[in-house]
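S.K.: Quick one: sequence and predicted model below, then my questions.
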Amino acid sequence: MTDLGLDPSIPDVLELEIGAVANGGWCVARHEGRVVFVRHTLPGERVRARVTEVTRNFLRADAVEILEASPDRVVPPCPFAGPGRCGGCDWQHASLAAQRRLKAAVVEEQLRRLAGIDRTVVVEEVPDPHHDEDVMAARGPGLGWRTRVQFAVRDDGVVGLRRHRSHQVEPIDECLIAHPGVEMMGIERKRWPGAATVEGIVSAATGDRLVALRERATRSRGGGRRSVKVPRLDVPVRLLRGRGVPGSTMPYVREEAAGRLWQVSGGGFWQVHPGAAQALVDAALAALEPKPGELALDLYCGVGLFAGALADRVGRDGLVVAVESDTQAVRDARFNLKDLRNVSIEQGRVEDVIAELEFGRERRPAGAGRPGRGGSGRGAAREREGGVRADVVLLDPPRTGAGRQVVERVAELAGRKIAYVSCDAATLARDLAYFGECGWTLQSLRAFDAFPMTHHVELLATLIPG
């Protein structure tokens, strides 16, 4: 028996019949009435699974022997995938078509359970506009897409990736889902003593490369902070140590989407799949149908991707108000959109900014600074002309979602349509339930396979007043 802390009567290995897929890369089985969440298996399989965790309400386990295989099962292409190994990929043992069906089933279940919405979901392939056919053919379908990879580093400087639900590092010499531009750096094949994490970043569009290095919190014998000795990499890269110096110029990569170049500094947010940014912009514009002269809100705007695309559609007589809290992202957004006079960038937490944001006769945020540079939309008189609203609102919150406070305020501010971009089906479904309480209805939902081999999926929900 394995001592798992709560119930020594549970065997180390269970023989299980696998049922439906669950959120997070698990499938569901039962042992003596208790739910078991099992990884490395597929619905309909019969497996032997090693128990990895026991709680009062459920078990977790890894399938270590497949007794009856699903027809969707394939041999994992990566030698580091599997029980007890790298935790980065959930579905390498499933065909790509099966992966998308599993993700769709999870989204449908979350919508039904958390929002009371019955909706058929189809997960769409995301094309890579920059792929090299020879390189990608050598890697295989669903591989070579991740343009940002954060590697963990052991105490001895060996590089790898975290094991599932663990701080332990699985040493690797190649990550098959990493973009070839990341692999060309040779990060995994070097030693990084003194480093905590090493992130390889590449732009598939421009070829820019950046390594973001975070040091361990250790001290040298002299009492000073021990510095990482950076190895010689296989190709030239820009190097960022820590978070950089506030206010200084930070190393960046240039990305391309929506007909523009985008500066993304340091480890700033950008979609990791080379085709995801363009796919989401196209989907958002098709959903919102912004018109010349309209007012648009872009919440959690990052470096300005959606704000720039919306600005082109609303034209010189329209206005886009973009809100972002991260200081470096705001700097990047203002640089990226400095030529657009119809964009106002507001810095602050979204919930704080929109709580005070109102629109007067000129349909500009009260007290806002010069468009393109932003100011504070929260200090001047707020005369509202019959309760003027934003025609369309787009929000792209972090994985934790927007939450009730933001949803309720967005429901007040929005006029015609809302587009909600999400990478987490559970928090999206929760927030859709809040929107429903505020009188908004889900018009459409699109799902994009922006993270092949993993359980993650990118979603775009469109809401209209109901």
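M.R.: It's in. Remember, predicted model here, so these are calculated numbers, not experimental data.
S.K.: use CA for all of it now, contacts and neighbours both
M.R.: OK.
S.K.: so where do the helices sit in the stretch 51-200 of the chain?
M.R.: 96-110, 133-139, 180-183 (DSSP state H, counting those that start in this stretch).
S.K.: Give me the buried positions along stretch 408-427.
M.R.: 408-411, 413-427 (16 or more other Cα atoms under 10 Å).
S.K.: Next: stretch 83-94.
M.R.: Under 16+ other Cα under 10 Å, the buried positions of stretch 83-94 are 83, 85-94.
S.K.: And stretch 432-448, by the same measure?
M.R.: Buried, per 16+ other Cα under 10 Å, within stretch 432-448: 432-436, 438, 440-442, 445-448.
S.K.: can you check stretch 68-77 too?
M.R.: Those would be 69, 73, 76, for stretch 68-77 by 16+ other Cα under 10 Å.
S.K.: now stretch 261-279
M.R.: Those would be 262-267, 270-279, for stretch 261-279 by 16+ other Cα under 10 Å.
S.K.: what's the span of that stretch from first residue to last?
M.R.: Using Cα to Cα, to the nearest Å, the end-to-end distance of stretch 261-279 comes to 16 Å.
S.K.: again, but for stretch 113-127
M.R.: 31 Å.
S.K.: P171 contacts G160, correct?
M.R.: Yes - look at P171 against G160 with Cα atoms under 8 Å: they come within range, at 4.0 Å.
S.K.: neighbour-wise, which of these two wins?
M.R.: G160 (25 against 21; other Cα atoms under 10 Å).
S.K.: Who are the contact partners of that one?
M.R.: G160 is in contact with 151-154, 169-173, 188, counting by Cα atoms under 8 Å, 6 or more residues apart in numbering.
S.K.: Let's see that with 7 Å instead.
M.R.: With contact taken as Cα atoms under 7 Å, 6 or more residues apart in numbering, G160 is in contact with 151-153, 169-172, 188.
S.K.: Can you give me the distance of G259 to D312?
M.R.: 10 Å.
S.K.: ok, these two, which is more surrounded?
M.R.: D312 (19 against 9).
S.K.: CA-only coordinates of the one helix or strand the more buried one maps to, as CSV, when you get a sec.
M.R.: Per DSSP states H and E, D312 falls inside helix 305-314. Extracted C-alpha coordinates of helix 305-314, given in CSV (Å, rounded to 0.1, in the frame of the first residue of the first chain):
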residue,chain,number,x,y,z
LEU,A,305,-4.0,44.2,-30.3
PHE,A,306,-7.9,44.4,-30.2
ALA,A,307,-7.9,48.1,-29.6
GLY,A,308,-5.9,48.7,-32.8
ALA,A,309,-8.2,46.4,-34.8
LEU,A,310,-11.3,48.1,-33.4
ALA,A,311,-9.9,51.6,-34.1
ASP,A,312,-9.5,50.8,-37.8
ARG,A,313,-13.2,49.8,-37.9
VAL,A,314,-14.7,52.7,-35.9
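S.K.: just checking, what packs against it?
M.R.: strand 319-324 (3 or more Cα pairs under 7 Å, 6 or more residues apart in numbering; DSSP states H and E).
S.K.: go again using 6 Å as the cut-off
M.R.: Helices and strands touching helix 305-314, as assessed by 3 or more Cα pairs under 6 Å, 6 or more residues apart in numbering; DSSP states H and E, are absent.
S.K.: Show the average pLDDT along it.
M.R.: Helix 305-314 carries an average pLDDT of 98.
S.K.: Report the beta-bridge partners for A195.
M.R.: Beta-bridge partners recorded for A195 (DSSP bridges): E215.
S.K.: With the one 4 residues further on instead?
M.R.: When bridges are assigned using DSSP bridges, the partners listed for E199 are Q150, A212.
S.K.: partner residues bridging the nearest residue to I172 once chain neighbours are set aside?
M.R.: Nearest non-adjacent residue to I172, counting by Cα to Cα, 6 or more residues apart in numbering: G160, 5.0 Å away. Per DSSP bridges, the residues bridged to G160 are A152, P171.
S.K.: Ok, V421 next?
M.R.: Residues in beta-bridge contact with V421 (DSSP bridges): L460.
S.K.: does the closest residue to G116 other than its chain neighbours belong to a helix or a strand, and which?
M.R.: Spatially, and ignoring its direct neighbours in sequence, G116 is nearest to A433 (7.6 Å; Cα to Cα, 6+ apart). Here A433, judged by DSSP H and E, is contained in helix 425-437.
S.K.: same question for that helix, mean pLDDT?
M.R.: Helix 425-437 comes out at a mean pLDDT of 98.
S.K.: about what we covered before: name the nearest of the buried residues of stretch 83-94 relative to Y300.
M.R.: Checking the buried residues of stretch 83-94 against Y300 with Cα to Cα, the nearest one is G88 at 26.1 Å.
S.K.: Can you give me the pLDDT of the closest one?
M.R.: For G88, pLDDT reads 93.
S.K.: for G379, same thing?
M.R.: According to the model, G379 carries a pLDDT of 30.
S.K.: What's the end-to-end length of stretch 190-199?
M.R.: End to end - Cα to Cα - stretch 190-199 spans 13 Å.
S.K.: Go through it and flag the buried ones.
M.R.: Buried residues in stretch 190-199 (16+ other Cα under 10 Å): 190-199.
S.K.: Same list (those) but as JSON lines, adding pLDDT and distance to L14.
M.R.: Listed next are the buried residues of stretch 190-199 as JSON lines, based on pLDDT from 0 to 100; distance: Cα to Cα, whole Å:
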{"residue": "K190", "pLDDT": "97", "distance to L14": "40"}
{"residue": "R191", "pLDDT": "96", "distance to L14": "40"}
{"residue": "W192", "pLDDT": "96", "distance to L14": "40"}
{"residue": "P193", "pLDDT": "94", "distance to L14": "41"}
{"residue": "G194", "pLDDT": "93", "distance to L14": "41"}
{"residue": "A195", "pLDDT": "95", "distance to L14": "39"}
{"residue": "A196", "pLDDT": "95", "distance to L14": "37"}
{"residue": "T197", "pLDDT": "96", "distance to L14": "36"}
{"residue": "V198", "pLDDT": "97", "distance to L14": "38"}
{"residue": "E199", "pLDDT": "97", "distance to L14": "38"}
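S.K.: In TSV, list those residues along with distance to D332.
M.R.: Output for those, formatted as TSV (distance: Cα to Cα, whole Å):
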residue	distance to D332
K190	32
R191	32
W192	30
P193	32
G194	30
A195	27
A196	26
T197	24
V198	23
E199	20
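S.K.: What ranges does the stretch 251-400 of the chain have for its helices?
M.R.: Using DSSP H, counting those that start in this stretch, helices in the stretch 251-400 of the chain cover 276-288, 305-314, 327-336, 350-356.
S.K.: can you tell which of those is closest to R241?
M.R.: Checked against Cα to Cα, the stretch from the helices of the stretch 251-400 of the chain lying closest is helix 327-336, at 15.2 Å.
S.K.: Going by the annotation, which residue ranges form each domain of this protein?
M.R.: 13-89, 140-251, 275-465 (automatic domain parsing).
S.K.: Looking at those domains, spot the one closest to I117.
M.R.: domain 275-465 (8.5 Å).
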